[in-house]
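Student: Below are the sequence and a predicted model; questions follow.
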Amino acid sequence: MDGHYGCDFIFRLHPAFFIWMNYFFLIFYLYSFYYLKSFKTKHKISKNDRKFVSLPSILRNYIIMRVKRLLEFLDASPVNFWAAKNISCELEQAGYRHIDPREALGEVKAGDKFYVTKNDSSVYAFHIGRMPMADAGFRMICAHCDSPTFRIKPNAEMLCEGGIVKLNTEVYGGPIMSTWFDRPLTIAGRVIVRGEDALNPKTLLLHVKRPLLQINNLAIHFNRQVNDGVKLSKQKDMLPILGIVTSELERGNLLMNVICTELGISQDVILDFDLYLADATPACTFGVHDEFISSGRLDDLSMCFAGLEAMLDTETTDTTKVLAIFDNEETGSQTKQGASSPFLSMMLKRIALVQSGSEEAFYMGVERSFMISADNAHAWHPNYGEKYDPTNHPVLGGGPVIKFNAAQKYASDAVSAAVFAEICREAGVPCQRFVNHSDVAGGSTLGNILASSLPLQGVDMGNAILAMHSCRETGSTIDHIYAVNVFTLFFSSQTK
Ligand code: ZN
């Protein structure tokens, strides 16, 4: 009888097999229980989070738990300064020591972990390998922590009809401006207050954690062509309303009052500020299977965080590991804290000099090194397929994307792409390739800019997202796991 094949096979087994199987299942069950409990503790999963109910949902919940840390990071990092601070905090908790670049580096030993910041908005972490930089080079992941937004101008308050106060702003980077309309926004950045002397002011970070302002559309009744496409003026259309003045004391002081209340300081100590608008709605997952991420600043905080997770997760290896989080990519990187700055190159040279006593060690190390420049790529948009290259259009959930450009706007070439694709293969992660539609100009990123001051072999890659530079971009949950796994393998594999 056909249906008995399986049963016949089982009944031929020795009874001891079933006893051992019971032990096996008991051990497996206890281990699973222990693993899930420790996982929940480590990642602060509360009882209100999703439950483990079946095998497919274990995988789904595992992905969501890994992504949960990313969502928390995105919400806690409304602008570059906060991203740099949060990355620094994670590094400190993992045993990285903050060093002051004004001080001598001192002795640098295998296994040493330290980081340095520039302008409070870029972070460079180093995990020293067992072999000197001259012999093993370094492995670097770089990303950027700034995103398109609106910067609040000095003397920003503009009093309007009915006591309404709007803020004068200017555009930072290249946002899709229409996506900033009619959504609750907040203010974040840094406030500079009086210090002990004029050359040493103090910096306080500000993040107002509630909806505070909004940029409002004009009603369709005043603009019947609004759905046909409207040219927006950065100066006229994009100014947010902050509140209504209720007393003479508030006139001209509405913004300052918020800053003073949030920071617990008086107005007379405030010297200046770098404050920006940010989406006030928390990041979230969406989709039938929670396969998508919706958040502001996925470009490029998602890659910053994937690099950070890998940096925190790896032991000391032969090769020195470097995580470089730059600022100002969205405005061309031409600042002391941007990718075209010599600051990172100087730090690496200092490390090589301390290790080996000669500049030659640094130059030898550069030739043995590899860089992953991680910046998000464009995912194939189901409504605009004609905008993409006919044969190279990455999709959400398809794994990390290697970016190519014949005009060399990306650092990738056949050799570096092959290296990265092999790392993906070894990590069990799919990988995709992106090339612009030949009639579309496309953008640039960190890799080629960095290469002009630090001539590393490297690849430009990134996870695919939709609506790049929208106030809220869309990414993929599984792509985040893929990126962390690839970066972790890149950092942890030994030099042969
Ligand atoms: Zn970017």
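Tutor: Everything's here; your move. Residues are numbered from 1 along each chain as shown.
Student: Met140 sits in which helix or strand?
Tutor: strand 138-144 (DSSP states H and E).
Student: next one: that strand to chain centre, how far?
Tutor: Once both centres are worked out by CA atoms, centre = their mean, to the nearest Å, strand 138-144 turns out to sit 12 Å from its chain's centre.
Student: Is stretch 148-166 positioned near the ion?
Tutor: No: Stretch 148-166 stays clear of the ion (CB under 5 Å from the ion), getting no nearer than 9.3 Å. Backbone N, C-alpha and C define where each C-beta goes, glycine included.
Student: rewinding a little: just list what the strand holding Met140 packs against, helices and strands only.
Tutor: helix 298-313, strand 320-326, strand 370-374, helix 446-451, helix 477-492 (3 or more CB pairs under 8 Å, 6 or more residues apart in numbering; DSSP states H and E).
Student: Rounded mean pLDDT for that strand, please.
Tutor: Strand 138-144 carries an average pLDDT of 97.
Student: Help me see whether it makes contact with the ion, please.
Tutor: No: judged by CB under 5 Å from the ion, strand 138-144 makes no contact with the ion; its nearest approach is 5.7 Å.
Student: Tell me which strands that strand pairs with, and in which orientation.
Tutor: strand 320-326 (parallel), strand 370-374 (parallel) (DSSP bridges).
Student: Mind checking these for the one nearest to the ion?
Tutor: The ion lies closest, by CB to the ion, to one member of the strands paired with strand 138-144: strand 370-374, at 9.2 Å.
Student: residue closest to the middle of this protein?
Tutor: Leu301 (1.7 Å; CA atoms, centre = their mean).
Student: hang on, it packs against Trp82?
Tutor: No: with contacts counted by CB atoms under 8 Å, Leu301 stays clear of Trp82, the gap being 9.9 Å.
Student: Can you name the residues of this structure that neighbour the ion?
Tutor: Counting by CB under 5 Å from the ion, the chain sits next to the ion at 299-300, 375.
Student: let's go with 6 Å and repeat that
Tutor: Neighbours of the ion within the chain, by CB under 6 Å from the ion: 144, 299-300, 329, 375-376.
Student: Check the residues you listed and tell me the two furthest apart.
Tutor: Maximum pairwise distance in the residues of the chain next to the ion, criterion CB to CB, is 11.0 Å, between Glu329 and Asn376.
Student: what's the overlap in contacts for these two?
Tutor: Listed as contacting both Glu329 and Asn376 by CB atoms under 8 Å, 6 or more residues apart in numbering are Asp300.
Student: Quick check: His393 is in a strand.
Tutor: No: under DSSP: H, G, I helix; E, B strand; the rest coil, His393 falls outside any strand and is assigned coil.
Student: So it sits against Val440, correct?
Tutor: No: if you go by CB under 8 Å, His393 and Val440 don't touch, sitting 11.6 Å apart.
Student: so where does His417 fall, helix or strand?
Tutor: Slight slip there: residue 417 is Ala, not His. helix 414-427.
Student: what is the mean pLDDT for stretch 399-406?
Tutor: 92.
Student: and if you look at stretch 98-107?
Tutor: The model assigns stretch 98-107 a mean pLDDT of 94.
Student: Buried residues in that stretch, which are they?
Tutor: Within stretch 98-107, the residues scored as buried using 16 or more other CB atoms under 10 Å are 99, 105.
Student: first vs last residue of it, how far apart are they?
Tutor: This stretch, stretch 98-107, spans 15 Å end to end (CA to CA, to the nearest Å).
Student: Excluding its own residues, what touches it? List them.
Tutor: Contacts for stretch 98-107 (CB under 8 Å, 6+ apart): 88, 92, 114-118, 347, 350-351, 354.
Student: Looking at these, which are in strands?
Tutor: 114-118 (DSSP state E).
Student: Pull out the buried members of the contacts of stretch 98-107.
Tutor: 88, 114-118, 347, 350-351, 354.
Student: Give me the domain ranges for the protein.
Tutor: 68-145+296-492, 149-279 (automatic domain parsing).
Student: most tightly surrounded among the ones you listed?
Tutor: Comparing the domains of the chain by mean neighbour count (mean count of other CB atoms under 10 Å), domain 68-145+296-492 ranks first with a mean of 20.
Student: Endpoint to endpoint, stretch 112-129 covers what distance?
Tutor: 8 Å.
Student: one step back: want to throw the domains of the chain into TSV with distance to Ile58?
Tutor: Compiled in TSV, the domains of the chain are given as follows (distance: least, CB to CB, whole Å):
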stretch	distance to Ile58
domain 68-145+296-492	14
domain 149-279	32
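Student: returning to that earlier point: now for the residue nearest to the centre of the chain: which residues touch it?
Tutor: 73-74, 77, 83, 145, 147.
Student: got those residues as TSV, with secondary structure columns?
Tutor: Formatted as TSV, the contacts of Leu301 follow (three-state DSSP):
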residue	secondary structure
Phe73	helix
Leu74	helix
Ser77	coil
Ala83	helix
Cys145	coil
Ser147	coil
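Student: For the ion, state which of the residues you listed is nearest.
Tutor: Ser147 (7.7 Å).
Student: In terms of pLDDT, where does the residue lying closest to that closest one once chain neighbours are set aside sit?
Tutor: What sits nearest to Ser147 in space, not counting adjacent residues and going by CB to CB, 6 or more residues apart in numbering, is Arg297, at 4.2 Å. Turning to Arg297, the model gives it a pLDDT of 98.
Student: that older thread, who touches the helix holding Ala417?
Tutor: Contacts for helix 414-427 (CB under 8 Å, 6+ apart): 370, 372, 399-400, 402, 404, 412, 430-431, 433, 457-459, 461, 482, 485-486, 488-490, 493.
Student: Next, the angle helix 477-492 makes with it.
Tutor: 110 degrees (axes from the mean of the first three to the mean of the last three CA atoms, to 10 degrees).
Student: what pLDDT, on average, does helix 414-427 get?
Tutor: Mean predicted confidence for helix 414-427 is 96.
Student: what are the ranges of the helices in the stretch 51-200 of the chain?
Tutor: 55-76, 80-93, 133-136 (DSSP state H, counting those that start in this stretch).
Student: and the ones you listed, which one is worst for confidence?
Tutor: Looking at those, the bottom one is helix 55-76 with a mean of 86.
Student: helices and strands around that helix, which ones?
Tutor: helix 80-93, strand 284-286, strand 292-295, helix 298-313, helix 477-492.
Student: I'd like the ones you listed written out as CSV, with distance to Ile325 added.
Tutor: Below are the helices and strands packed on helix 55-76 laid out as CSV (distance: least, CB to CB, whole Å):
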stretch, distance to Ile325
helix 80-93, 6
strand 284-286, 24
strand 292-295, 18
helix 298-313, 5
helix 477-492, 13
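Student: And the ones you listed: which comes nearest Pro382?
Tutor: It's strand 292-295; of the helices and strands packed on helix 55-76, that one is closest to Pro382 (CB to CB) at 12.5 Å.
Student: Perfect, I'm done here.
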